[in-house]
Structures are given as structure tokens and as C-alpha cells.
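Trainee: For reference, the sequence and a predicted model appear below.
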Amino acid sequence: MKVTFYGAVREVTGSMHLISANSDKILLDCGMFQGRRKETEDKNRSFPFDSASILNLVLSHAHIDHSGRIPLLTKNGFTGRVICTRATVDACKYLLPDSAHIQESDTNYLNYKSLRNALLSKNNNQDHNKNRKNRKNEIANLLKIEGNKLNIEQIHSLIKENHLDRISPLYTVEDAEKALESFDGYPYRTPVEVGQNTTCTFYEAGHILGSAISVIRT
């Protein structure tokens, strides 16, 4: 058995460990790194391995720094099973779509802000104060609907028209819902086959509901 540590080493988020045993690749956790925006983008956007090469994934518990990149893994070609406790399945049904919703909202705002600033500087002129204020209001009216709600379709169209870089979330709510179809929940103290001659047995960890000490034997 060979273990490669790809996250939560000398840091406390982004737990992810690759176990190679009997020609199988098994992932233990697939967490999201949480920190400053640029650093999180660099660490979360790509994997140091081919997602399709992973046979199965063992998830110790539902916290986003342990589960948060599973929808990205499935989006990138992972077709195996996510093996965890039954309570972890239930918790992830709330946490993963919520994580996706936060990402979508965040990227929508960043795209709006980038476009607003680009349009504002494009129309900037010497008569600074009054014209700038009026222009700000015009742009806000152009990019929003129903008061303060962002007009996402309009924003995406104008980003393309103005040749700006559009930011995308790691995954969408739809991606999260799709990933949840890969989850299998098991009781504690029951060996589960996770690879060739390789099993995982969950023991109560007491961290959160469903959390498990995950004992992998090959």
C-alpha cells in the first residue's frame, strides 16, 4: 500500500489522500481548501491525478474541507462510488448543494463587479463627479432586475461582448446533485469492499454526526 498526501498536510483544510493498493487507486476524502480567494482558486480548481483513474472514494465525514470537491471530481470523470456512513450521506445532501449555491452566488457577483468596473472606465470622462455618479446608476439599472437582483443573462452577454474573462464556479448545484447519486451509506463496524482485496470499516469518531475513523485494510 502506498499513500500520497495531497491536502491537509501542514495545514488544516483540503483533506485529500490517495491510496494505491493492488493496482487500485482509492481516494480518502476530497476536501475543499478554504482560505484567501486566489490561493483557494489555485488549489481547488485542478487535481494532481486523473479523476477517472480513481476506483472509489472513502469519505470520513461531511464537512466541506473533507467533501467539498467531490462534485468537481465527478464532473471531471470520476465514476466510482463515494463510500461513507449513512448519516454522512444525509448531511452531504444539504452541504454540497449549499456549497455550490454559495460558489454560484460568489462568481455571479465577481462577474458583475468586473463588468461594472470595465463599463465605468470605458465611459469615464473629465466631468468626473456628476457624470460618473449618473453612469454608475445607468450601469446598475442595466445589470440588475427587480430592484437589486443581478441580471445574470445580461451580465454574461456583456462580458462576452466586451471580451472580458468570465469567472465560473468550481461546480454548480446541478453538478452537486449529480455527485450525490454516487454516494453509498454504510453502518459503523461493517467492513465494506472498496477495492481488490481492500476493505474499509468505519468506527465512531465523535466529530460530527456520521463522522468516522476510517480503517482501510488491504
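Mentor: Thanks, I have it.
Trainee: Tell me the buried residues in the longest helix belonging to the chain?
Mentor: Of all the elements of type helix in the chain, the one with the most residues (DSSP state H) is helix 86-122. Neighbour counts using 16 or more other CB atoms under 10 Å place 87-89, 91-92, 95-97, 99-100, 103-104, 107-108, 111-112, 114-116, 118-119 of helix 86-122 among the buried residues. (C-beta placed from N, C-alpha, C; glycine too.)
Trainee: go on, stretch 76-86?
Mentor: Those buried within stretch 76-86 under the rule 16+ other CB under 10 Å are Phe78, Gly80, Val82, Ile83, Cys84, Thr85.
Trainee: right, and Leu72 touches Leu170 too?
Mentor: Yes - contact criterion CB atoms under 8 Å: Leu72 and Leu170 qualify, at 5.1 Å.
Trainee: Run the angle between the helix or strand bottoming out on mean pLDDT in the chain and helix 86-122 for me.
Mentor: Counting by mean pLDDT, DSSP states H and E, the chain has its least confident helix or strand at helix 128-143, which shows a mean of 78. Interaxial angle, helix 128-143 versus helix 86-122 (axes from the mean of the first three to the mean of the last three CA atoms, to 10 degrees): 140 degrees.
Trainee: Now find how far off-centre the next helix or strand after helix 128-143 is within its chain.
Mentor: Beyond helix 128-143 on the C-terminal side, the first helix or strand identified by DSSP states H and E is strand 144-145. Put simply, strand 144-145 sits 27 Å off its chain's centre (CA atoms, centre = their mean, to the nearest Å).
Trainee: Output the contacting helices and strands for strand 144-145.
Mentor: Contacting strand 144-145 under the criterion 3 or more CB pairs under 8 Å, 6 or more residues apart in numbering; DSSP states H and E is no other helix or strand.
Trainee: Partner strands of it and their direction?
Mentor: Applying DSSP bridges, strand 144-145 is found paired with strand 149-150 (antiparallel).
Trainee: CA atoms of the very next helix or strand once past the partner strand as PDB?
Mentor: Sequence-wise, the next helix or strand downstream of strand 149-150 (DSSP H and E) is helix 152-161. Provided in PDB are the C-alpha atoms of helix 152-161 (Å, rounded to 0.1, in the frame of the first residue of the first chain):
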ATOM      1  CA  ILE A 152     -27.100  37.000 -15.000                       C
ATOM      2  CA  GLU A 153     -28.100  36.500 -18.600                       C
ATOM      3  CA  GLN A 154     -27.300  40.200 -19.400                       C
ATOM      4  CA  ILE A 155     -24.100  40.100 -17.500                       C
ATOM      5  CA  HIS A 156     -22.800  37.000 -19.300                       C
ATOM      6  CA  SER A 157     -23.800  38.500 -22.700                       C
ATOM      7  CA  LEU A 158     -22.000  41.800 -22.000                       C
ATOM      8  CA  ILE A 159     -18.900  40.100 -20.600                       C
ATOM      9  CA  LYS A 160     -18.600  38.200 -23.900                       C
ATOM     10  CA  GLU A 161     -19.300  41.400 -25.900                       C
END
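Trainee: Done for today, thanks.
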